[in-house]
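Asks: fold the following.
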Amino acid sequence: MTAPALVRTSVLAFLAQQPSRHAVHHGVQRRAFASTSNLAAMNYLLKYDYIPDVLEKRAPHREGHLELAKKLIDEGKCLSGGPTGPPGTEVPTGALFIFTELEAANSFVAEDPYVEHGIVTGHSILEWNVVVQKE
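Replies: Predicted structure coming up:
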């Protein structure tokens, strides 16, 4: 086989192995990963970074912080939240919250006494699509 024919055969073999946009596999229609659209079951992860002396400085603001989180949990807009840090650490380095709505995550940051009073030094919000979980 000549070099151009070998290349053409290799390319055709490669393309034949690639799923089409709407491939059918064992009688089930599938879309190629690249053709998927927006994520369907979206949650939002709010990650906080705390000041190093968070335990000493949070006390006057803790009740308001927790009340705000509990309010959003009662409304079904926040699923859970709590402090984070490296394994075995006694002082949290931040916190993580899971929200069902982007607006709820943003309003939590805007209203949180920890943010207002400098306990939180930075934050980020990420989209999170739960693909697998315990049923």
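Asks: the nearest residue to Leu96 once chain neighbours are set aside - how many residues pack around it?
Replies: Distances taken as CB to CB, 6 or more residues apart in numbering place Thr84 nearest to Leu96, at 5.1 Å, with adjacent residues excluded. Just so you know, the C-beta spots here come from the backbone N, C-alpha and C atoms, and that holds for glycine as well. Neighbours of Thr84 under the rule other CB atoms under 10 Å: 15.
Asks: enumerate every residue touching Thr84.
Replies: 47, 92-96 (CB atoms under 8 Å, 6 or more residues apart in numbering).
Asks: cool, and Tyr50?
Replies: 83, 92-95, 114, 119-121.
Asks: a strand runs through Thr121, doesn't it?
Replies: Yes - counting by DSSP: H, G, I helix; E, B strand; the rest coil, one finds Thr121 located in a strand.
Asks: contacting residues around Gly76?
Replies: So Gly76 contacts Thr100 (CB under 8 Å, 6+ apart).
Asks: and if you look at the one 4 residues further on?
Replies: When contacts are counted by CB under 8 Å, 6+ apart, Ser80 touches 73, 97-98.
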